[in-house]
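1. everything below, folded, please.
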Amino acid sequence: MPSSRRHLPPTYCGFWESLFCRRQSFSDCDSQATAAELTMQKPVDKKPGVHTYMAQWPIYSLGWSVRRDKKSRLAVGSFLEDYSNKVEVVQFNQETLDFSADSRLVFDHPYAPTKLMFFPSEGSMNPDIIATSGDYLRLWEIHDDRIELKALLNGNKSVFNSAITSFDWTEWDARRIATCSVDTTCTIWDVEREVVDTQLVAHDKEVYDISWGGIGIFASVSGDGSARIFDLRNKERSTIIYENPIPDSPLLRLEWNKGDPKLIATVGMDSNKVVILDIRFPTTPILELKKHKTSVNAVSWAPGGGHHLCSVGDDSRALIWDVASHAFRLDATVEVDPIMWYASTAEINQTRWSPVDLDWIAIAFSSTLQLLKV
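-> Model (predicted):
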């Protein structure tokens, strides 16, 4: 990844440094691992279970479409050190197992998008919109032959711009998008009216990730090392459900299990562990998934009521875990092995489980998008 930060605005530096500037050497997979390995796909080879799309630039962000008439459509965002970055929409055909791309469905994006999400509904009558975060929250409308900017949403109360590090958008309240920022705030947007619904100071330091857990309820993690739950019915209070035991160490990633809302996964900076929390037992992890050799970069829950989780990291591995078989022991010291793993050729930056198809997981590394059939 780029080592220079000279093209990034000051508000970006700490966030991207947290994500990318602590690369460690590649660690070979443990020869004693008991998990099943997916078949590796070479650039010129097609092998069962792994399907590859090569972008023209390094990929960081990615997202799945959930529309029933656009099944297996994805968006990928670049990570370039220049001001001008790219977002591309690609289509995967599950029958032919090929990708198709249209140069008209590529658009410029100011700075690297920190997250991408399509409109979170399967209905084909809903607007075909993709949201992106970066210096601002933006909504883009997708047409057959072009993608146009629909709205630029600026929640800053001063002339200084604070980078949006992440956001979440869910089907049960598609009118609202929750964003988080390096200025310590979380903002709830009414995207129909294109106005701020609620903005609150959520943490003592930068907020790095956010995830809805129910209508009016969300969680966030921060540079202050805490994971907190907020209920919009009582905006003056929050509940700390976990604090990083390593002093002065941020939590970078968080995802609420939409299929089982008592479970939350979170990841700390420079940590090889995925911490599983049960909100019924705050402050104490029920599981710690510790089989990555180096830092974990992203996690994604399986859709529906599934209790499977995918994690990816700097060790170039994607690990798939069955949390259900261990999640009720209330003993984080239990050694848990992944049920499946996949080795890529470079550090994996991102993963997203298809929200509508349990069989497909997307990962991104270097300039490569790969879909794994699991």
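
2. pull the distance from the helix or strand hosting residue 151 to the chain's centre.
-> Assessed by DSSP states H and E, residue 151 sits inside strand 147-153. How far strand 147-153 lies from its chain's middle: 21 Å, per C-alpha atoms, centre = their mean, to the nearest Å.

3. what is it packed up against?
-> strand 98-110, strand 137-142 (3 or more C-beta pairs under 8 Å, 6 or more residues apart in numbering; DSSP states H and E). No exception for glycine: its C-beta is placed from N, CA and C like everyone else's.

4. what does the last one rub up against?
-> So that's strand 137-142. Applying C-beta atoms under 8 Å, 6 or more residues apart in numbering, the contact partners of strand 137-142 are 87, 89, 105, 107, 109, 127-132, 147-153, 155, 164, 167, 177, 179, 189, 191.

5. again, only this time at 7 Å
-> 89, 107, 127-132, 147-153, 164, 167, 177, 179, 189, 191 (C-beta atoms under 7 Å, 6 or more residues apart in numbering).

6. and the longest one, by the same measure?
-> Under the contact criterion C-beta under 7 Å, 6+ apart, strand 98-110 has outside partners 53, 77, 83-93, 132, 134-135, 140, 145-147.

7. just the buried ones from the residues you listed?
-> Buried by 16 or more other C-beta atoms under 10 Å: 53, 77, 85-92, 132, 134-135, 140, 147, out of these.

8. follow-up on the earlier one: only the buried subset of the contacts of strand 137-142, as a PyMOL command please.
-> Selection of the buried residues among the contacts of strand 137-142 in PyMOL, burial being defined by 16+ other C-beta under 10 Å:
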select buried, resi 89+107+128+129+130+131+132+147+150+153+164+167+177+179+189+191
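
9. next up, the contacts around residue 309.
-> Applying C-beta under 7 Å, 6+ apart, the residues near residue 309 are 265, 299, 301, 321, 323.

10. that one - that's part of a helix, no?
-> No: counting by DSSP: H, G, I helix; E, B strand; the rest coil, residue 309 is not found in a helix; it is strand.

11. look at it and report its pLDDT.
-> At residue 309, the model reports a pLDDT of 97.

12. tell me how far it lies from residue 54.
-> Remark: distance between residue 309 and residue 54 (C-beta to C-beta, to the nearest Å) = 27 Å.

13. for residue 164, same thing?
-> From residue 164 to residue 54 the distance is 28 Å (C-beta to C-beta).

14. quick check: which element contains residue 260?
-> Going by DSSP H and E, residue 260 is not part of any helix or strand.

15. that one contacts residue 308, correct?
-> No: using C-beta atoms under 7 Å, residue 260 is not in contact with residue 308, being 10.8 Å away.

16. what number of residues lie near the residue nearest to residue 90 when sequence neighbours are not counted?
-> Nearest residue to residue 90, sequence neighbours excluded (C-beta to C-beta, 6 or more residues apart in numbering): residue 101, at 4.9 Å. By the criterion of other C-beta atoms under 10 Å, residue 101 has 14 neighbours.

17. mind listing what residue 223 touches?
-> Counting by C-beta under 7 Å, 6+ apart, residue 223 makes contact with 205-206, 208, 250.

18. one more: residue 313?
-> Taking C-beta under 7 Å, 6+ apart, we find residue 313 in contact with 292, 294-297, 348.

19. repeat for residue 261
-> Going by C-beta under 7 Å, 6+ apart, residue 261 touches 213-214.

20. what about it, distance to residue 133?
-> Taken as C-beta to C-beta, the span from residue 261 to residue 133 is 23 Å.

21. so which of the helices and strands packed on strand 147-153 gets nearest residue 121?
-> strand 137-142 (13.9 Å; C-beta to C-beta).

22. can you list the strands that the closest one pairs with?
-> Strand 137-142 has the following sheet partners, assigned by DSSP bridges: strand 129-133 (antiparallel), strand 147-153 (antiparallel).

23. and those as CSV, adding distance to residue 220 and mean pLDDT?
-> Listed next are those as CSV, based on distance: least, C-beta to C-beta, whole Å; pLDDT from 0 to 100:
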stretch, distance to residue 220, mean pLDDT
strand 129-133, 14, 98
strand 147-153, 18, 97
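
24. so which of those is nearest residue 116?
-> That would be strand 129-133 among those, by C-beta to C-beta, at 5.5 Å.

25. residue boundaries of the strands in the stretch 251-374 of the chain?
-> 251-256, 263-268, 274-278, 287-289, 296-301, 308-313, 317-322, 340-343, 348-353, 360-365, 368-373 (DSSP state E, counting those that start in this stretch).

26. which of the buried ones among the contacts of strand 98-110 sit farthest apart?
-> Greatest spacing in the buried ones among the contacts of strand 98-110, by C-beta to C-beta: 92 and 135 (29.9 Å).

27. buried residues in the helix or strand hosting residue 228?
-> Residue 228 is part of strand 226-231 when elements are defined by DSSP H and E. Within strand 226-231, the residues that count as buried by 16+ other C-beta under 10 Å are 226-230.

28. what does the helix or strand following that strand contact?
-> Once strand 226-231 ends, the next helix or strand along the chain (criterion: DSSP H and E) is strand 238-243. Residues outside strand 238-243 that contact it (C-beta under 7 Å, 6+ apart): 202, 225-230, 266, 275, 277, 279, 282-283, 285.

29. recalculate using a threshold of 10 Å.
-> 186, 200, 202-203, 219-221, 224-231, 249, 251, 254, 264, 266, 268, 275, 277-285 (C-beta atoms under 10 Å, 6 or more residues apart in numbering).

30. on that earlier part again, of the strands of the stretch 251-374 of the chain, which is nearest residue 48?
-> Here strand 368-373 is closest among the strands of the stretch 251-374 of the chain (C-beta to C-beta), at 7.4 Å.

31. that closest one - contacts with which helices or strands?
-> strand 50-54, strand 59-64, strand 73-78, strand 84-93, strand 317-322, strand 340-343, strand 348-353, strand 360-365 (3 or more C-beta pairs under 10 Å, 6 or more residues apart in numbering; DSSP states H and E).
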